[in-house]
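**Q** Just to be clear, the model below is a prediction. Sequence and coordinates:
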Amino acid sequence: MFLIPVSDLVSSQAAVSGDNSSSSNSSNGNFSSSWQPAAIDVTPFKGVKASGILSDKKFPNKLYIGLNKRDPAVFDLYSFDMSTKQLTLDTMNPGEMTTWLLDYNFNVQGALAYSNDDGSSYVLIRDTNGSSINSISTSSSPGSTVRTVTASTAANQRGLLASQGMQIAGSTTINATTINTAGPPEGAAAAFGNYTTAESIANSNSGANVSSWRQLVRWPFGEEGGAFRFNKAGDALYLSSSIGRDTAAFQLVSTAPGAKVVRHLASDPLSDVGSVIFDPDTWEPELVAFNYLKTNWTVLDEALKSEWARIVAFRPNDTVAVQDRSQDKQKWLLLYGSDSKTSKYYLYWRGTWPPQLLFEVRPGLNNYTLARMNSVIITARDGLKLPAYLTLPVKNNVPVALPAAWVGAASVTNVSNVNKPYSLNLPMVLYVHGGPWARDYWGISADVQWLANRGYAVLQVNYRGSAGFGKAFINAGDKQWGVGRMQHDLTDSVHWAVSNGIADPHKVCIMGGSYGGYASLAGLAFTPDLYRCGVDLVGISNVGTFMKSIPAYWKPLKYELITRVGDAENDQPLNRNISPLYHVDKMTAPLLIGQGANDVRVPKAESDQIFRALKGLGRDVQYVVYTDEGHGLVRPENRLDYFSRVEQFLAKHLGGRNGPLFSPKGSSAQVITV
């Protein structure tokens with residue numbers, strides 16, 4: 001479902017026509033304080049997911065929307081006309097395309113794709129744009145619907161019909177074909193979507209011939225790469241690539257066969273290229289971000305260097321990003337972020353100084369002293385450096401900040417005779433990020449601040465397998481789930497915190513969501529003496545049943561899961577080795593489980609089975625299900641309920657501060673007891 005406020009449709013049309021006299025519900029032309037814009041659902045299709053909404057300021061009346069309407073496993077690209085409210089199939093996905101690349105004129109010119117066969121990713125480009133020569137017109141009479149199909153090829157004709165849930169009945173011709181149908185049968189689109197790759201690429205409203213698509217560049221599995229956008233001329237593509245190096249660099253490559261590197265633009269030895277800011281008119285890159293411990297920007301436009309240096313120096317301890325710019329590029333919206341202050345939005349008028357504060361995200365937080373997030377580097381037992389973040393509670397005799405990029409030896413296991421640099425002995429939460437091919441970042445975090453406020457040290461570790469630190473780092477996590485080095489990194493990080501006098505060895509809780517939930521279960525199962533308790537939100541308990549449940553539209557990622565984790569669905573010895581469910585007899589620490597009933601990524605069955613197994617052994621396990629949530633908690637009422645339960649749980653087992661259990665009206669929490 002994708003909703004657009006009607007006011008957006010009105011303003012879009014006014015912008016095109018130059019008419020500023022759009023009406024409101026107030027006779028004096030001012031909107032009522034209680035007025036809310038109506039919305040229309042532009043994708044009212046049952047069981048269809050909308051993904052990847054694309055827009056361009058030069059074309060205010062047009063949107064692109066990805067929909068898995070034809071086949072639940074793939075997202076075709078549809079265009080939506082804001083003035084006519086017409087949704088039209090634009091480009092059909094042959095099954096491997098994950099991201100569409102648009103040219104300066106807002107036409108589909110390429111795509112980033114993922115191979116289900118070998119896990120490689122690659123860029124397809126189209127050398128010429130076809131004209132929009134495929135169409136369907138409809139007329140109706142009692143008992144019959146007549147659709148006239150105009151298409152350049154038989155494959156295009158089939159694709160257009162399939163996109164409307166129809167099939168060709170009887171003999172047909174190619175152009176101006178009139179077909180009598182009885183309306184779109186339920187599921188016909190999906191059932192009729194079995195095309196060859198050539199037909200699928202050709203099945204688009206653009207009418208492009210499949211021969212005009214070709215592969216430009218390919219990244220074998222294990223390499224890091226991706227595409228940003230074309231240059232304005234359309235004869236080169238900006239991309240990131242780790243080919244021939246460890247971290248992904250920012251490059252401009254020719255769109256001619258061979259993809260010759262035109263310019264090597266920027267790189268960092270410790271982190272992959274991150275965000276890139278392009279000039280909205282010239283499409284030339286101006287700034288590129290890298291993030292090892294904190295975000296740092298490399299200035300590519302010489303004319304911006306002194307100006308950007310001044311912007312950074314304005315709040316030197318914060319990170320800064322350009323959120324938006326006016327069409328004349330003279331007004332910039334800047335976002336300054338801190339680890340212990342609320343984020344602030346500033347309006348920067350070029351040629352004037354200083355930037356003007358617009359608003360703070362949560363000004364009420366200024367009444368509190370928030371905890372600092374310290375960047376640290378932890379050395380794992382095999383010598384791998386792990387970028388991490390340690391947040392300490394605001395308490396007497398607790399340092400506000402630690403030495404920058406503090407390096408410690410994580411391989412210490414017997415800490416009784418170690419000369420500890422600190423003697424804090426704080427209760428600690430090891431907060432494990434999900435993904436796992438994601439990462440933790442420096443900056444203000446509601447979850448982390450809440451835990452620190454309750455008196456806990458919070459350690460967040462970018463274990464091997466985390467993304468953004470080069471291909472060697474992410475690939476080091478392959479086949480390392482559960483009993484492997486990904487989990488060892490978490491274990492070593494706890495030893496690091498204990499050996500440095502930060503954490504009380506008897507009061508450490510492991511907590512996380514998704515993969516972080518799995519890691520919590522694995523921590524209790526494979527290192528039961530290390531943790532006092534665990535908190536698991538939507539975590540995997542049986543890797544094999546999780547893989548078997550992967551939805552159809554995750555198909556492009558199935559190869560990556562099998563390669564990086566192992567084929568736990570079909571390899572039972574592997575599955576038994578790495579799945580906490582098979583090691584419940586070793587899980588003696590108390591556990592709190594949270595789960596969304598509608599989760600399609602990690603189905604509710606994953607939490608059900610670990611709860612039943614532990615309950616059957618008489619273990620201390622609590623289980624709460626939120627009936628209107630999916631993969632994670634979104635509704636404020638449910639989040640308040642869940643975190644209140646976590647707060648009670650941690651206070652009981654670690655001894656931190658807590659208030660009374662708060663389950664607000666409207667929460668869908670159901671406590672499962674049997």
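**A** It's in. Numbers count the residues shown, from 1 in each chain.
**Q** Every contact and neighbour count from this point should use C-alpha atoms.
**A** OK.
**Q** quick check: longest helix of this protein.
**A** helix 636-654 (DSSP state H).
**Q** so what does that one touch, helix or strand wise?
**A** strand 503-513, strand 591-596 (3 or more C-alpha pairs under 8 Å, 6 or more residues apart in numbering; DSSP states H and E).
**Q** Please state the offset of the shortest one from the chain centre?
**A** Here strand 591-596 shows a centroid-to-chain-centroid distance of 22 Å under the convention C-alpha atoms, centre = their mean, to the nearest Å.
**Q** on that earlier part again, with mean pLDDT and mean neighbour count added, can I get the helices and strands packed on helix 636-654 in JSON lines?
**A** Below are the helices and strands packed on helix 636-654 laid out as JSON lines (pLDDT from 0 to 100; neighbours: other C-alpha atoms under 10 Å):
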{"stretch": "strand 503-513", "mean pLDDT": "98", "mean neighbour count": "24"}
{"stretch": "strand 591-596", "mean pLDDT": "98", "mean neighbour count": "26"}
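**Q** could you redo those strands as TSV and give each row distance to residue 539?
**A** Shown next, in TSV, are the helices and strands packed on helix 636-654 (distance: least, C-alpha to C-alpha, whole Å):
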stretch	distance to residue 539
strand 503-513	6
strand 591-596	8
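**Q** Looking at the ones you listed, which is nearest to residue 654?
**A** Smallest distance to residue 654 across the helices and strands packed on helix 636-654 (C-alpha to C-alpha): 5.3 Å, for strand 503-513.
**Q** and the angle for that closest one with helix 636-654?
**A** Strand 503-513 runs at 150 degrees relative to helix 636-654, counting by axes from the mean of the first three to the mean of the last three C-alpha atoms, to 10 degrees.
**Q** those helices in the stretch 201-350 of the chain, which residues are they?
**A** 305-314 (DSSP state H, counting those that start in this stretch).
**Q** ok, now how distant is the most centrally placed residue in the chain from residue 383?
**A** By C-alpha atoms, centre = their mean, the chain has its centre lying nearest to residue 438, at 8.3 Å. Separation of residue 438 from residue 383 (C-alpha to C-alpha, to the nearest Å) stands at 21 Å.
**Q** same question, residue 435
**A** Relative to residue 383, and taking C-alpha to C-alpha, residue 435 is found at 23 Å.
**Q** And the contacts of stretch 646-661?
**A** 427, 454-456, 507-509, 532-533, 535, 592, 641, 644-645 (C-alpha atoms under 8 Å, 6 or more residues apart in numbering).
**Q** coming back round to it: among the helices and strands packed on helix 636-654, which comes closest to residue 665?
**A** That would be strand 591-596 among the helices and strands packed on helix 636-654, by C-alpha to C-alpha, at 17.8 Å.
**Q** Looking at the helices and strands packed on helix 636-654, spot the one closest to residue 628.
**A** strand 591-596 (6.9 Å).
**Q** Could you list the low-confidence segments of the stretch 551-674 of the chain?
**A** 552-553, 555-556 (pLDDT under 70).
**Q** Strands along that one, start to end?
**A** 591-596, 621-626, 669-672 (DSSP state E, counting those that start in this stretch).
**Q** Let me have these in TSV, extended by distance to residue 392.
**A** As requested, the strands of the stretch 551-674 of the chain are exported to TSV (distance: least, C-alpha to C-alpha, whole Å):
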stretch	distance to residue 392
strand 591-596	24
strand 621-626	28
strand 669-672	31
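**Q** Tally up the residues packed near residue 81, please.
**A** By other C-alpha atoms under 10 Å, the residues close to residue 81 number 16.
**Q** can you count the residues close to the spatially closest residue to it that is not a sequence neighbour?
**A** Spatial nearest neighbour of residue 81, chain neighbours left out: residue 62 (5.0 Å); criterion: C-alpha to C-alpha, 6 or more residues apart in numbering. Close neighbours of residue 62, defined as other C-alpha under 10 Å, add up to 19.
**Q** who touches residue 62 in this structure?
**A** With C-alpha under 8 Å, 6+ apart, residue 62 has these contacts: 55, 56, 79, 80, 81, 82.
**Q** would CSV of those with pLDDT be doable?
**A** Shown next, in CSV, are these (pLDDT from 0 to 100):
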residue, pLDDT
55, 93
56, 93
79, 95
80, 94
81, 94
82, 92
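**Q** and the residues you listed, which are buried?
**A** 79, 80, 81, 82 (16 or more other C-alpha atoms under 10 Å).
**Q** Tell me where the stretch 1-150 of the chain has strands.
**A** Counting by DSSP E, counting those that start in this stretch, the strands of the stretch 1-150 of the chain are 3-5, 39-41, 50-54, 62-67, 76-81, 86-91, 97-102, 108-114, 121-126, 135-141, 144-150.
**Q** just the angle between the third one and strand 76-81, please?
**A** It stands for strand 50-54. Going by the same axes, to 10 degrees, strand 50-54 makes 50 degrees with strand 76-81.
**Q** can you list the contacts of residue 62 in TSV and add distance to residue 217?
**A** Conversion of the contacts of residue 62 to TSV gives the following (distance: C-alpha to C-alpha, whole Å):
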residue	distance to residue 217
55	26
56	26
79	27
80	30
81	33
82	35
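**Q** Contacts only, for the residue nearest to the centre of the chain.
**A** 466, 467, 468.
**Q** so which of those is the most crowded?
**A** Going by other C-alpha under 10 Å, residue 466 tops the contacts of residue 438 with 26 neighbours.
**Q** Pretty sure it sits against residue 474.
**A** Yes. With contact defined as C-alpha atoms under 8 Å, residue 466 reaches residue 474; the gap is 5.4 Å.
**Q** Need the overlap of contacts for these two.
**A** Common neighbours of residue 466 and residue 474 (C-alpha under 8 Å, 6+ apart) are residue 437.
**Q** returning to what we had before: return the member of the contacts of residue 62 nearest to residue 540.
**A** residue 55 (36.3 Å).
**Q** pretty sure the closest one is touching residue 65, no?
**A** No. Look at residue 55 against residue 65 with C-alpha under 8 Å: they stay out of range, at 9.2 Å.
**Q** got the buried ones among the contacts of residue 62 as CSV, with distance to residue 489 columns?
**A** Shown next, in CSV, are the buried ones among the contacts of residue 62 (distance: C-alpha to C-alpha, whole Å):
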residue, distance to residue 489
79, 46
80, 47
81, 51
82, 51
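**Q** quick one: which two of those residues are the most distant?
**A** 79 and 82 (9.6 Å).
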